[in-house]
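Visitor: Let's see this in three dimensions:
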Amino acid sequence: MINLDKKRVILGLSGGVDSTVAAIFLLEQGYEVIGLHFTTIHSNQDNGIDRAREVAKKLNIKLIEKDVSKEFSNIVISDFIYNYSLGMTPNPCALCNPTVKFKTLIDVANAEGVYHIATGHYARVKYSEKYGCYLITKSINKRKDQSYVLYGLEEDVIKRIIFPLEKIEDKTKIRQVAKDNDMLNANAPDSQEICFIADDENYIDFIKKYNKKYSDKTGNFVDNTGKILGTHKGIAHYTIGQRKGLGIALGKPAFVTKIDAKNNEVCLGDNDELFKNNVIINNVKLVPKNIFSNKNIANLSGKVRYNSDTSRCNITQQDDLLLVTFDQAQRAITPGQILALYDEDFLLGGGVIV
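Guide: Just a heads-up that it's a prediction; the model follows:
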């Protein structure tokens, strides 16, 4: 670690406009940039490799191509399929970042003798005097903030990260920088929500393709008293809070309020049944090591999904679990999703909703 070069940086180069402009900014700051492109899945869909090569050639930077498809399949895709079989809704990005993407960035950086790593995420890194460690913080661009999916990173990784887009408040500026530098991907569409599922494929088809043993098993729609309301087409088709595509008419709006994988039941109810104050999370990862000097932590805020706002909460440690109690009830808290914990803009960590 002592001999790692701080004038060079390994940048995750997907071929998209964000990572392209990240490379441009790093070069302007005087870094020697080495691009790293990941192949996470082999398919007929565009995986960005040709665009990454074009960017590297245009910017005259070295490009390392890394096939991580085996690790990605064993860790991220298997978890994705397994959780849907349990009636949960996983967040593959939050799992991929610490276990595949940033792990590979660090591994390659160490092998190349490079200290810094970088990505095109909208987030920042700051040292917290309060906690005595480096932490991810929210992006200046709150609408594009991606700190939520970075909750699983450890401090020894965080302190080596550069986020070149950290001060960008508007995505149009990113595209303008790309145009000004004659980049062919300046107007390329933003990446889709689940990177390994093709645009013309839905996640059920993907699960069936990768898990030949999976088959939709019909079961009962029930209400909160257990009364049978109809037949569902398989629990993997549903998520908490879902209203559209249920395939059942009850004469009033109905929402998925619970998924019971053991009994193969999907519970339907009113919108007000979706609001809850208490959440339990496992797989807890918190960067500050002294956070539980007191058993109960107050005046923090939590975020229960990527596109939700943070809300004030208290957390209480219960063995390997955390009980998170929100001041205001949160809608559609979904098992499998991440609950990220913040102190103001500082991301402290989080866990998986159970």
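
Visitor: Okay, and Leu26 sits in which element?
Guide: Leu26 is part of helix 17-28, with elements assigned from DSSP states H and E.

Visitor: now the next helix or strand along the chain from that helix and helix 17-28, what's the angle there?
Guide: Using DSSP H and E, the helix or strand that directly follows helix 17-28 along the chain is strand 32-39. Angle, strand 32-39 to helix 17-28, by axes from the mean of the first three to the mean of the last three CA atoms, to 10 degrees: 160 degrees.

Visitor: Quick check: buried residues in the helix or strand that comes right after strand 32-39?
Guide: Next helix or strand after strand 32-39 toward the C-terminus (DSSP H and E): helix 49-59. Neighbour-count burial for helix 49-59 flags Ile49, Arg51, Ala52, Arg53, Val55, Ala56, Lys58, Leu59 (criterion: 16 or more other CB atoms under 10 Å). For glycine as for every other residue, the C-beta is placed from the backbone atoms N, C-alpha and C.

Visitor: just stretch 266-281 next, same as before
Guide: Buried positions in stretch 266-281, judged by neighbour count with 16+ other CB under 10 Å: Val266, Cys267, Leu268, Leu274, Val279, Ile280, Ile281.

Visitor: what's the spacing between it and its chain's center?
Guide: For stretch 266-281, the distance between its averaged C-alpha position and the chain's averaged C-alpha position is 22 Å (CA atoms, centre = their mean, to the nearest Å).

Visitor: The buried residues of stretch 266-281: which two are farthest apart?
Guide: Between any two of the buried residues of stretch 266-281, the greatest separation by CB to CB is 25.4 Å, found for Leu268 and Ile281.

Visitor: Show me the shaky parts of the stretch 51-200 of the chain.
Guide: Along the stretch 51-200 of the chain, the model assigns pLDDT under 70 to residues 192-193.

Visitor: So Tyr115: helix, strand or coil?
Guide: Secondary structure assignment for Tyr115 (DSSP: H, G, I helix; E, B strand; the rest coil): strand.

Visitor: give the contact list for it.
Guide: With CB atoms under 8 Å, 6 or more residues apart in numbering as the criterion, the residues that contact Tyr115 are Met1, Leu4, Asp5, Lys6, Arg8, Ala109, Arg160.

Visitor: Just the pLDDT for Gly336.
Guide: Confidence at Gly336, expressed as pLDDT, is 97.

Visitor: That one - nearest residue in space that isn't next to it in sequence?
Guide: Once flanking residues are discounted, Gly336 sits nearest to Met88: 3.2 Å by CB to CB, 6 or more residues apart in numbering.

Visitor: which element is the nearest residue to Leu286 once chain neighbours are set aside on?
Guide: The spatially closest residue to Leu286, leaving aside those adjacent along the chain, is Gly349, at 3.6 Å (CB to CB, 6+ apart). Per DSSP H and E, Gly349 falls inside strand 346-353.

Visitor: which helices and strands sit right next to that strand?
Guide: The elements that strand 346-353 packs onto, with contact taken as 3 or more CB pairs under 8 Å, 6 or more residues apart in numbering; DSSP states H and E, are strand 133-137, strand 275-286, strand 338-343.

Visitor: can you give me the angle it makes with strand 133-137?
Guide: Orientation of strand 346-353 against strand 133-137 (the same axes, to 10 degrees) gives an angle of 70 degrees.

Visitor: quick one: the helices in the stretch 101-250 of the chain?
Guide: Remark: helices assigned in the stretch 101-250 of the chain by DSSP state H, counting those that start in this stretch are 102-112, 155-158, 171-180, 203-210.

Visitor: Can you tell me which of these is most buried?
Guide: Mean neighbours per residue, mean count of other CB atoms under 10 Å, is largest over the helices of the stretch 101-250 of the chain for helix 102-112, with a mean of 18.

Visitor: what angle separates that helix from strand 32-39?
Guide: For helix 102-112 against strand 32-39, the angle between stretch directions is 130 degrees (the same axes, to 10 degrees).
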